[in-house]
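J.: My questions concern the predicted model and sequence given below.
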Amino acid sequence: MTSLRTSIVNAVAALILAAGMTANVSAQPCAHRWDVEFGNPGAEYFVWDFEVFDDGTGPALYAAGQFREMQGKRAVGIAKWNGRDWSEVGGGLVGGAHALRVWDDGRGPALYVGGSFSRAGGVQANNIARWDGRQWEALGSGTSGGVYSLGTFDDGRGEALYAGGKFTAAGGSTANLVARWNGAQWEALGEGLLGGSQWGVMSLVTFDDGHGPMLYAGGEFRDARGPKHNMVPAKFLARWDGRLWSAVPGAMLEAVFDFPHVDGLLVHDDGNGEALFVTGQFIREGTNSSLLRWDGREWTAPGGGIGISPGHADALCVYDDGSGPALWIGGGQTRMVKEFRISTMFRWDGRELSVVEPYPISWIRTLASFNDGFGKVLYLGGELGALSGDWRPRFRNIVRWAAPHMVLSHSPLRAGERAVFATTCSTPGQRVNFLYSARGLGSIFIPQLGITIDLDRPHLIGHSIADPSGKSSLSRAIPPGASGRTLWLQAAEVGRKTEVVESIIE
């Protein structure tokens, strides 16, 4: 028998769908801004990585770093943000965390954490551990040194987890800078990668360049070794097909500054076809950019061939701020050569490279897109504290770029009279659904909206299409004899909702 809650979800969803299809979005509502309050007091020390993971209680954003507190709460090395509050994760880590990755080893999705630590919660775990939402688990005897990147790849034997970093052994056996974990044991990738004084392998991603999927590794290494000691010159970037290492054709990456490396790797279709985007402290021969695009045939530098000046582009993320998905690039203070403009944050939409101003100071280490139910938000972590042009400390090591929340208001609710329900900061052209409940607060996930409604047994009042300014309104009659009843009200569109408003009918 279908449960009452399932029936309610289906009924509300049917009413929402029956109201008509969503109109095309023509503009972004209520311009994006820096939410500095989110990062105050923020992370007590650096933030290195983000990952979205659902531990069974709903999707949440996890942050890894060298902090011991997040927003004034104890959270050692790792913290969880559910859209409303930060919380610690299983007692935290004894040491710092640098890399996060969700992977399913056959027992269900879990969050894997790499770093330089010796314990996870009460479990001995050498530099890498698994969190399933309830408890920590070690991955065998771990690695002999820090794990600074995590990725997944199927070499023909099934998808496995790959760890990169600055280590020479995994599971007690030789594994230079990178190793494969199949859910039960560690395995080396040939004779691994060579070189690197601090971080070794800093990024791992699977990409098909036209010759089949391969695992791409970026870092500060200089060479790769496969079976039979074959040496492959591969400065800062190499690829593994499951049997052999090879250099990436035409990469020709050259060192800049004192710590040359590839830091960020991300696969993205920018409208010109799927490609691998590469960032770090390097330049490619013939260009002057530390942001490169590799489509399997040729290398290009987004932004007219000169792009971002070398040295400080690190983090990559695909984020839609309402104008379409784009590649966002973060790092240290970097100059966009074409316009001689300095920023720590850039945006590439497939046609134009632009800067974000004002920008956070001084170093963005990681970027992540996460919808907390109130809208899509771009989260930034690193060594951060102020905005350009201001320089006053405003936040600590974490901040976010977001549009203001959609807000619900209404005229007085009087029995037997009409009331007007309205929202601001809705998405122009989007259908806004007005809901009420008379049974108090609860939560029901509405798949058609992609969010959890914060009402128990919601009913649809009606819907309205938001105007170009992001406002929507709806007029409805309040039934006679309803005086004294309490209503809980909420408005929602696809991917966004308002806070709940509690009102008593006069």
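T.: Cool, got the structure. Numbers count the residues shown, from 1 in each chain.
J.: Off-centre distance for stretch 87-102?
T.: How far stretch 87-102 lies from its chain's middle: 16 Å, per CA atoms, centre = their mean, to the nearest Å.
J.: List the buried residues of that stretch.
T.: Of all the residues in stretch 87-102, those buried under the rule 16 or more other CB atoms under 10 Å are 88-93, 95-101. C-betas here are computed from N, CA, C, even on glycine.
J.: Could you check how many residues crowd around residue 438?
T.: If you count neighbours by other CB atoms under 10 Å, residue 438 ends up with 15.
J.: how close does it sit to residue 189?
T.: Look at residue 438 and residue 189: by CB to CB, to the nearest Å, they are 60 Å apart.
J.: which ones are touching the residue nearest to residue 277 when sequence neighbours are not counted?
T.: With CB to CB, 6 or more residues apart in numbering as the criterion, residue 277 has its nearest non-adjacent residue at 5.0 Å, and that residue is residue 266. Contact analysis of residue 266 by CB atoms under 8 Å, 6 or more residues apart in numbering lists 205, 276, 277, 316, 317, 318, 327.
J.: what helix or strand is the fourth one on?
T.: It refers to residue 316. Element membership of residue 316, judged by DSSP states H and E, is strand 313-320.
J.: just the third one next, same as before
T.: Per DSSP H and E: residue 277 is located in strand 274-284.
J.: Take that strand, keep the C-alpha atoms, and write them as PDB.
T.: Extracted as PDB, the C-alpha positions of strand 274-284 are listed here (Å, rounded to 0.1, in the frame of the first residue of the first chain):
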ATOM      1  CA  GLU A 274      34.400  18.100 -24.100                       C
ATOM      2  CA  ALA A 275      37.900  18.900 -23.100                       C
ATOM      3  CA  LEU A 276      40.400  18.700 -20.300                       C
ATOM      4  CA  PHE A 277      41.200  22.000 -18.600                       C
ATOM      5  CA  VAL A 278      44.600  22.300 -16.800                       C
ATOM      6  CA  THR A 279      45.800  24.900 -14.300                       C
ATOM      7  CA  GLY A 280      48.800  25.400 -12.100                       C
ATOM      8  CA  GLN A 281      52.100  27.200 -12.000                       C
ATOM      9  CA  PHE A 282      53.500  26.600 -15.500                       C
ATOM     10  CA  ILE A 283      53.300  27.900 -19.000                       C
ATOM     11  CA  ARG A 284      53.000  26.000 -22.200                       C
END
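J.: and it, which residues are buried?
T.: For strand 274-284, using 16+ other CB under 10 Å, the buried residues are 275, 276, 277, 278, 279, 280, 281, 282, 283, 284.
J.: ok, the first one - contacts?
T.: If you count contacts by CB under 8 Å, 6+ apart, residue 275 has them with 267, 268, 269, 293, 294, 295, 296.
J.: Leaving aside the residues adjacent along the chain, what's closest to the third one?
T.: Right, the one you point to is residue 269. Leaving aside its chain neighbours, residue 269 sits nearest to residue 275 (7.3 Å; criterion: CB to CB, 6+ apart).
J.: Now do the end-to-end distance for stretch 454-474.
T.: By CA to CA, to the nearest Å, the extent of stretch 454-474 from end to end equals 20 Å.
J.: For that stretch, give the mean pLDDT please.
T.: Averaging pLDDT along stretch 454-474 gives 94.
J.: Which positions in that stretch come out as buried?
T.: For stretch 454-474, burial by neighbour count (16+ other CB under 10 Å) applies to 454-461, 463-466, 470-474.
J.: Need the phi and psi values for residue 36.
T.: phi -70, psi -30 (degrees, to the nearest 10).
J.: Count the neighbours of it for me.
T.: Going by other CB under 10 Å, the residues that sit close to residue 36 add up to 16.
J.: now do residue 388
T.: 17.
J.: List the contacts of the nearest residue to it once chain neighbours are set aside.
T.: Residue nearest to residue 388 in three dimensions, not counting chain neighbours: residue 358, with 4.5 Å by CB to CB, 6+ apart. Taking CB under 8 Å, 6+ apart, we find residue 358 in contact with 34, 387, 388, 389, 390.
J.: and residue 358, how far is that from residue 405?
T.: Distance of residue 358 to residue 405, given as CB to CB: 21 Å.
J.: Residue 256 too?
T.: To residue 405, residue 256 is 42 Å away according to CB to CB.
J.: and what of residue 251?
T.: 44 Å.
J.: Can you point out the buried residues in stretch 405-419?
T.: Using 16+ other CB under 10 Å as the test for burial, stretch 405-419 gives 405, 406, 407, 408, 410, 413, 419.
J.: Need the nearest residue in space to the spatially most central residue of the chain, chain neighbours excluded.
T.: Note on the chain: the residue nearest the mean C-alpha position is residue 368, at 2.4 Å, using CA atoms, centre = their mean. Ranked by CB to CB, 6+ apart and with sequence neighbours excluded, the top spatial neighbour of residue 368 is residue 50, at 3.5 Å.
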